[in-house]
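> Based on what follows, work out the 3D shape:
(one chain, ligands or ions: 1)
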Amino acid sequence: MPELPEVETIVRGLKSELVGQRVREFVFLSPHLEKKQLPGSFQPAAYEGRKILDIWRRGKMIIIKFDGQLGLLVHLKMTGQLFLTEPEQRIDRHTHALLRFYHLKKELRFRDIRKFGFLNCLALTQIEAKVDQNLGPEPLEIDLASWKWLLKTHGQKRLKNWLLDQKIIAGIGNIYSDEMLFRARLKPFRLAGSLTDQEATRLYRAMRRVLTEAISLKGSSISDYVDASGEKGRFQERHRVYAREGQLCPRCRQEKIIRKKINGRSTFFCPSCQD
Ligand SMILES: [Zn+2]
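Next up is the predicted model:
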């Protein structure tokens, strides 16, 4: 699933090309997207003639702001892709929506093999309310004191689950949680409330380092992730534990990386140098 660095990369790419563009056509190609619309939503045709004013990310979601206070909330979930492409490119059966513009040759397509993703056509105020209700603070915006406070107030959660809980902190998923915990030398089973002050600081720094580095390498391309122009990311080359089960730990070289399930999610860590 695309996490914060992947979604941030997509948003930056889309923003540079789409802000100021006016919609010529917006269509759903698959009925499942209509079924996922919420009460009060607009028809895609309502966006025609509207200009894109801004695009930003919140957690793992993409928000597109149009004039007339219209918005589009996009969640890519497992296999969703939102990218610009030449109109000559074949539209395959996994492409579920497209937007065409008056003064841009490329078109925006939403492609999703497993169909867990969604596009919600809502007023911007509704989107902002929904997002704020469901998501905790942004990890790259939160300060160290608030981070420590969140660890204490949700202290009964295991670190892995604490990092994955979008209501506590938004945007972190399975890959980056494992990479942060490895770099912070903390076991994923530890309770959030059990960290010393020093350990909490270590995790905060590891979180910032991992996310910042992953954004600079345009995310991790594990399965279907591509950026706004269809290119893959490169952070997967820097993964130290994720999907490296059975390989020697790159830090201590004492043990092999193991995989365990925590709340049904595969978790990779070193049994020797993470405390
Ligand atoms: Zn190790």
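> Is Arg74 located within a strand, as I assumed?
Heads up, residue 74 is Val, not Arg. Yes: the assignment for Val74 (DSSP: H, G, I helix; E, B strand; the rest coil) places it in a strand.
> what ranges do the helices span in the protein?
Ranges of helices within the chain are 4-18, 31-35, 124-134, 144-153, 159-164, 174-183, 197-216, based on DSSP state H.
> Let's test this: mean pLDDT of the last one, rounded?
Helix 197-216 shows a mean pLDDT of 98.
> follow-up on the earlier one: among the helices of the chain, which comes closest to the ion?
helix 174-183 (8.1 Å; Cβ to the ion). C-betas here are computed from N, CA, C, even on glycine.
> what packs against that closest one?
Under the contact criterion of 3 or more Cβ pairs under 8 Å, 6 or more residues apart in numbering; DSSP states H and E, helix 174-183 touches helix 159-164, helix 197-216, strand 265-269.
> Establish whether the shortest one and the ion are in contact.
It stands for strand 265-269. No: on the criterion Cβ under 5 Å from the ion, strand 265-269 is out of touch with the ion, staying 8.5 Å away.
> What separation is there between Leu99 and Gln89?
14 Å (Cβ to Cβ, to the nearest Å).
> Tell me which of the two has more neighbours.
Leu99 (25 against 13; other Cβ atoms under 10 Å).
> hang on, the earlier thing: most tightly surrounded among the helices of the chain?
Stretch with highest mean neighbour count among those: helix 174-183 (a mean of 25; mean count of other Cβ atoms under 10 Å).
> Compute the inter-axis angle for that helix and strand 265-269.
30 degrees (axes from the mean of the first three to the mean of the last three Cα atoms, to 10 degrees).
> 741 is where my numbering starts, stick with that
Yes, from this point I'll number from 741; that puts the last item at helix 914-923.
> hmm, who's touching helix 914-923?
Residues outside helix 914-923 that contact it (Cβ atoms under 8 Å, 6 or more residues apart in numbering): 741, 743-745, 899-900, 903-904, 912, 927-928, 943, 946-947, 949-951, 954, 960, 962, 979-982, 991, 1005-1010, 1014.
> Only the buried residues of stretch 790-808, if you could.
Using 16 or more other Cβ atoms under 10 Å as the test for burial, stretch 790-808 gives 790-793, 795, 797-806.
> Show only the entries of the residues you listed found in strands.
Ile792, Leu793, Ile795, Arg797, Arg798, Met801, Ile802, Ile803, Ile804, Lys805, Phe806 (DSSP state E).
> Just give the nearest non-adjacent residue to the third one, would you?
By that I understand Ile795. Take Ile795 and drop its neighbours on the chain: the residue closest to it by Cβ to Cβ, 6 or more residues apart in numbering is Lys755, 4.5 Å away.
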